[in-house]
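>>> Mind looking at a prediction? Sequence and model below.
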Amino acid sequence: MTKDSTLRGVRVLSLALNLPGPAAIMRLAQMGARCTKVNPPHGDPMALYSFAGYEKMHIGVRQVSCDLKTEAGQKCLHLLLAQTDVLLTSFRPSALNKLGLGWKALHAQYPILSCVSVVGAPGALADIPGHDLTYQAEVNLVPGLNLPASLFADMGGAMMASEAVLKATLTQKQKGKGSFHEVALSDAAAWLALPRQWGLTLPKGPVGGAHAGYNLYKCKNGRVAVAALEPHFAKALCEAAGVKVNSAKTLFEPKTHQAIAAFLLSKTRLQLEKLATEQDIPLMTLPKA
């Protein structure tokens, strides 16, 4: 992603560990914020899970190490807080209070400072332990025994956290004081799950497999992801496959699925990529599973 200047001059201090915090601070740095990250003495666990990913998320981010449970660590932190516009945290509320970093204490000491608190679940549930997998499972994004393809709750939460920093910055400029914003990963998962709750991605939904123009198929030497959902795209796909479109219902008929599957199976990835360019059909070829 290219860097812009949306948050130029805004000073962000992050205490947030694992994936959501670093992913959020990466976005904030890309928006021009001056970002500092405080790591515990043993470092951020995220660096152990994926060092390359950790490095990428901290490009342009100043990192310091201090033990917040010690007097020296607290002194280091408060020196940084005195020069901060927005604090980003990912500790449970009870842990923040033990460290003297609850919102009431912070706001009393630093009236201009805003705080974005990333938690697992909102409000009274914020102290209950959980992770991306449990939040996705809660909103039915984990079918069967297969793990999700990505850490959607964490990454969605990171986007919501960066959005909250933008909101805090606007509030700060409008009202001249800091504000508190809670971002729950369970809420991020619930937001991402809305299309499924609406039936769109269920097996009988238009983008869940029922529409023949929006599906995964086999081709001669791999697979193809077809996204010909709009009528003009679907028409172009059907014409290429020799299917006559009588109405919108045609794309939901079993014989249409069969005809398109047979057509795509007869083509190589290269042939399909050429077809996509020539006929303006949205598709992506993939190697064999």
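On my side now, so go ahead. No experiment lies behind these values; they were computed from the predicted model shown.
>>> give me the beta-bridge partners of the closest residue to residue 101 other than its chain neighbours?
Counting by C-beta to C-beta, 6 or more residues apart in numbering, residue 101 lies nearest to residue 89, which is 7.0 Å off, once chain neighbours are set aside. Just so you know, the C-beta spots here come from the backbone N, C-alpha and C atoms, and that holds for glycine as well. On the basis of DSSP bridges, residue 89 is bridged to residue 117.
>>> Burial check on residue 89, number of neighbours?
Residue 89 has 25 neighbouring residues, counting by other C-beta atoms under 10 Å.
>>> again, but for residue 203
For residue 203, the count of nearby residues is 8 (other C-beta under 10 Å).
>>> Would you quantify the distance from it to residue 127?
37 Å (C-beta to C-beta, to the nearest Å).
>>> repeat for residue 276
51 Å.
>>> Looking at these two, which has the bigger crowd around it?
residue 276 (20 against 12).
>>> where's the helix or strand containing the more buried one relative to the chain centroid, distance-wise?
Assigned by DSSP states H and E, residue 276 belongs to helix 269-279. Averaging C-alpha positions (C-alpha atoms, centre = their mean, to the nearest Å) puts helix 269-279 31 Å from its chain's average.
>>> Kindly report the same for stretch 100-118.
Centroid separation for stretch 100-118 versus its chain: 26 Å, with C-alpha atoms, centre = their mean.
>>> So which bits of it are buried?
Neighbour counts using 16 or more other C-beta atoms under 10 Å place 101-103, 106-107, 110, 113-118 of stretch 100-118 among the buried residues.
>>> Could you work out the end-to-end span of it for me?
Distance across stretch 100-118, first residue to last, is 17 Å (C-alpha to C-alpha, to the nearest Å).
>>> try stretch 271-286
End-to-end distance for stretch 271-286: 13 Å, by C-alpha to C-alpha.
>>> What are the contacting residues of that stretch?
By C-beta atoms under 8 Å, 6 or more residues apart in numbering, the surrounding residues in contact with stretch 271-286 are 219-220, 222-228, 233, 236-237, 239-240, 264, 267, 269.
>>> from these, which would you call buried?
Among the contacts of stretch 271-286, those buried by neighbour count (16+ other C-beta under 10 Å) are 219, 223-224, 226-228, 233, 236-237, 240, 264, 267, 269.
>>> Using JSON lines, please lay out those together with secondary structure, pLDDT and distance to residue 147.
Below are these laid out as JSON lines (DSSP: H, G, I helix; E, B strand; the rest coil; pLDDT from 0 to 100; distance: C-beta to C-beta, whole Å):
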{"residue": "219", "secondary structure": "strand", "pLDDT": "98", "distance to residue 147": "27"}
{"residue": "223", "secondary structure": "strand", "pLDDT": "98", "distance to residue 147": "20"}
{"residue": "224", "secondary structure": "strand", "pLDDT": "98", "distance to residue 147": "25"}
{"residue": "226", "secondary structure": "strand", "pLDDT": "98", "distance to residue 147": "25"}
{"residue": "227", "secondary structure": "strand", "pLDDT": "98", "distance to residue 147": "24"}
{"residue": "228", "secondary structure": "coil", "pLDDT": "97", "distance to residue 147": "30"}
{"residue": "233", "secondary structure": "helix", "pLDDT": "97", "distance to residue 147": "32"}
{"residue": "236", "secondary structure": "helix", "pLDDT": "97", "distance to residue 147": "36"}
{"residue": "237", "secondary structure": "helix", "pLDDT": "97", "distance to residue 147": "32"}
{"residue": "240", "secondary structure": "helix", "pLDDT": "96", "distance to residue 147": "36"}
{"residue": "264", "secondary structure": "helix", "pLDDT": "98", "distance to residue 147": "28"}
{"residue": "267", "secondary structure": "coil", "pLDDT": "98", "distance to residue 147": "32"}
{"residue": "269", "secondary structure": "helix", "pLDDT": "98", "distance to residue 147": "27"}
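>>> I'm done for today, thanks for sticking with me.
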